[in-house]
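> build me a model:
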Amino acid sequence: MAAVETGQAIITALWTRITSDATMKSVMGTPVSLYRVMGPADPSMPYFWHRLALNGDMFHSTHSYFLDLWYYGVDSAVPDQAIDRAKILLHEWRFTTANDEAGGLLSWFSGGYIPTDVSNVWHYAMQFDARFVAGRDVTNIT
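Below is the predicted model of the structure:
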C-alpha cells in the first residue's frame, strides 16, 4: 500500500481513534459523526468537528488539534460523557499512523463550553497539543 500524505495519515488516525471506540458509540450513537472543515452543512446532532493546525515544521514543533462537540438536548449529561471519553481516548495517547508515516503524542491543553444563540444547543471546544515524529523512510522506496 502506498504511503499517504503525513498530515492526512495523522488526521485519519485521530478520526479512527474517536469513531471506532465502543464507549464513544454508546454515548454519541452509531456511527459517531466526526467532520472536518468541509463537513455537511447543518449536520444532525450530536457530532464532533475536528482540525489539525500545524505550527511550523511537522516534526520539530508543537501543533494544535481541535475537537469540538455539538449536541442538542435539555442538559449536559450526554456531552459531558462524550467530552470525558474524548479526553480519556486522546490525552497522553501515543500513536503510529497506519502505514508508519509518523507517530505522535497528544496532550490535553484546554477546553470549555462556548455559549450558543440557540436554546438547548451545547458546544464544547477542546484543544490538544500534538507532537509528531517521522516514521519509516518513504523517500527511498524502490
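> strand partners (parallel or antiparallel) of the lengthiest strand in the chain?
When the chain is parsed with DSSP state E, its longest strand is strand 121-134. Next to strand 121-134 in the sheet, as set by DSSP bridges, lie strand 63-72 (antiparallel), strand 102-113 (antiparallel).
> just send those back as JSON lines, with mean pLDDT too.
Output for the strands paired with strand 121-134, formatted as JSON lines (pLDDT from 0 to 100):
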{"stretch": "strand 63-72", "mean pLDDT": "96"}
{"stretch": "strand 102-113", "mean pLDDT": "93"}
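> need the winner for burial among the ones you listed.
Stretch with highest mean neighbour count among these: strand 63-72 (a mean of 19; mean count of other CB atoms under 10 Å). Glycine gets a C-beta too; all of them are placed from N, C-alpha and C.
> other SSEs contacting the next helix or strand after it?
Next helix or strand after strand 63-72 toward the C-terminus (DSSP states H and E): helix 77-90. If contacts are counted by 3 or more CB pairs under 8 Å, 6 or more residues apart in numbering; DSSP states H and E, helix 77-90 sits against helix 6-19, helix 22-28, strand 63-72, strand 102-113, strand 121-134.
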